[in-house]
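# Give me a model of this one.
(2 chains)
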Amino acid sequence: KQEVTQIPAALSVPEGENLVLNCSFTDSAIYNLQWFRQDPGKGLTSLLLIQSSQREQTSGRLNASLDKSSGRSTLYIAASQPGDSATYLCALRGAGTALIFGKGTTLSVSS
Amino acid sequence: GAVVSQHPSWVICKSGTSVKIECRSLDFQATTMFWYRQFPKQSLMLMATSNEGSKATYEQGVEKDKFLINHASLTLSTLTVTSAHPEDSSFYICSAPPVGTNEKLFFGSGTQLSVL
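Residues are numbered from 1 along each chain as shown, chains lettered A, B, ... in the order given. Prediction:
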């Protein structure tokens, strides 16, 4: 059974710092991996999607990497801003089309 | 792009009442809809998969008689929490599978249910 773990559970940084969020998974047989942003009491915003054949994806200040062999993905956020404060979720798609989520990392960026 | 509209955004109800949550695909047809539940500080957990015109598939541990799912049309899936209890208080969110070559799933905005 696929398990997704995100570390750390919470992170507080001052504005301007670069930071890395980690996601690990137990079954490397994945179709793709996505990083989402969730604001309190709201739905999900898809940030980046990495296919199983890809190593990384970039969008603006965000860069996500995928290492299937080691069962790891990282989300790198450059020059963090207070508006980046949210919970970041890592989710995997396996054989089916439903996603398996980690518990998330709650990020707080102070100005 | 494809949009999934979910409502209500939040609902407060008394214990024992039933609550219906709707998810509509606005500009595409969704033959399948995934329903997730998220308890505080926990991950989103798949509850069930609804399929248009057929019975929903429930994940292990989810009571199908308590969480009624209906997918009567290609644009509407509903989740009804019957005889809600405080332990059913949670964030419920729906998701439609990718459309065409777009690999991303489309999520509703979620429903925060609080049962008093």
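# nearest spatial neighbour of A:Asn63, skipping sequence neighbours?
A:Tyr76 (4.4 Å; C-beta to C-beta, 6 or more residues apart in numbering or on different chains). Bear in mind the C-beta positions are built from the backbone N, C-alpha and C, glycine included.
# Strands of the chain, residue ranges please.
Because you didn't say which chain, this covers chain A. Taking DSSP state E to define them, one finds strands in chain A at A:4-7, A:10-14, A:19-25, A:32-38, A:44-51, A:56-59, A:62-67, A:72-77, A:86-93, A:99-101, A:105-110.
# that's the wrong chain, I meant chain B
B:4-7, B:10-13, B:19-25, B:32-38, B:45-51, B:54-58, B:67-73, B:76-81, B:90-96, B:106-107, B:111-115.
# Would you mind giving these as TSV with mean pLDDT and distance to chain A added?
Formatted as TSV, the strands of chain B follow (pLDDT from 0 to 100; distance: least, C-beta to the nearest C-beta, whole Å):
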stretch	mean pLDDT	distance to chain A
strand B:4-7	93	7
strand B:10-13	95	7
strand B:19-25	95	11
strand B:32-38	94	5
strand B:45-51	93	5
strand B:54-58	92	10
strand B:67-73	91	14
strand B:76-81	96	14
strand B:90-96	94	6
strand B:106-107	86	5
strand B:111-115	96	5
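# got CSV for these, with mean neighbour count too?
Converted to CSV, those look like this (neighbours: other C-beta atoms under 10 Å in any protein chain shown):
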stretch, mean neighbour count
strand B:4-7, 18
strand B:10-13, 14
strand B:19-25, 21
strand B:32-38, 23
strand B:45-51, 21
strand B:54-58, 15
strand B:67-73, 17
strand B:76-81, 22
strand B:90-96, 25
strand B:106-107, 24
strand B:111-115, 19
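# Quick one: these as CSV, columns for distance to A:Ser80 too.
Shown next, in CSV, are the strands of chain B (distance: least, C-beta to C-beta, whole Å):
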stretch, distance to A:Ser80
strand B:4-7, 30
strand B:10-13, 29
strand B:19-25, 33
strand B:32-38, 25
strand B:45-51, 29
strand B:54-58, 40
strand B:67-73, 39
strand B:76-81, 36
strand B:90-96, 26
strand B:106-107, 24
strand B:111-115, 27
